[in-house]
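J.: sharing a sequence plus its predicted fold:
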Amino acid sequence: MPVNPWTPFTSLCFFSFLLLVMPFLRLASAVNSQGQALLSWKTSLNGSLEALSDWNWADEILCRWFGVTCNSNDGVAELSLRYVDMLGYVPTNLSLLHSLQKLVLSETNLTGSIPKEIGSLPS
C-alpha cells in the first residue's frame, strides 16, 4: 500500500513556502522591458537619485515614475529628468524605449556621448 507523503505538517510547510515565495516571483516579473532598461540605467548611476526613488521593480506602471510620461499604449513617450543630479552615462539600452519621442536630460551631470542607438528610435 503506497504511503501518502502529504501529512498535515508537510502540507502546511509547502503552502507556507508558497506564501513566502510568490510575492518575490511577482516582483521579478512585474516590470516590462522598458522598465527594466530604466532600472538598469538607474543602478549604474551615482549622485543624488532621490528623485528616482519611485523607480522600482514592484511598480509595473511606468507612467507613475518620476519624469516618465506614457502614451495611450503605456509606452514611454517622454523621459524628462532635468536637474536630477545623475552622475554617469546615457546607456545604449534606452533604445528599448520604442515609443520615446522626447528625452530631456539637461543639467543632470551626465557625461559622454549620446549613444547612436537612440538615433535609431522610430519616433
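T.: Yep, that arrived.
J.: count of neighbours near Val31?
T.: Counted with other Cβ atoms under 10 Å, the neighbours of Val31 add up to 20. Quick note: C-beta positions are derived from backbone N, CA and C, even for glycine.
J.: repeat for Leu52
T.: Close neighbours of Leu52, defined as other Cβ under 10 Å, add up to 20.
J.: neighbours of Ala37, just the number please.
T.: Ala37 sits with 19 neighbouring residues when counted by other Cβ under 10 Å.
J.: quick check: Thr69 is in a strand.
T.: Yes - the assignment for Thr69 by DSSP: H, G, I helix; E, B strand; the rest coil puts it in a strand.
J.: correct me if wrong: it contacts Glu78.
T.: Yes - using Cβ atoms under 8 Å, Thr69 is in contact with Glu78, at 3.9 Å.
J.: overlap of the contact sets of the two?
T.: Here Thr69 and Glu78 share the contacting residues Lys102, scored by Cβ atoms under 8 Å, 6 or more residues apart in numbering.
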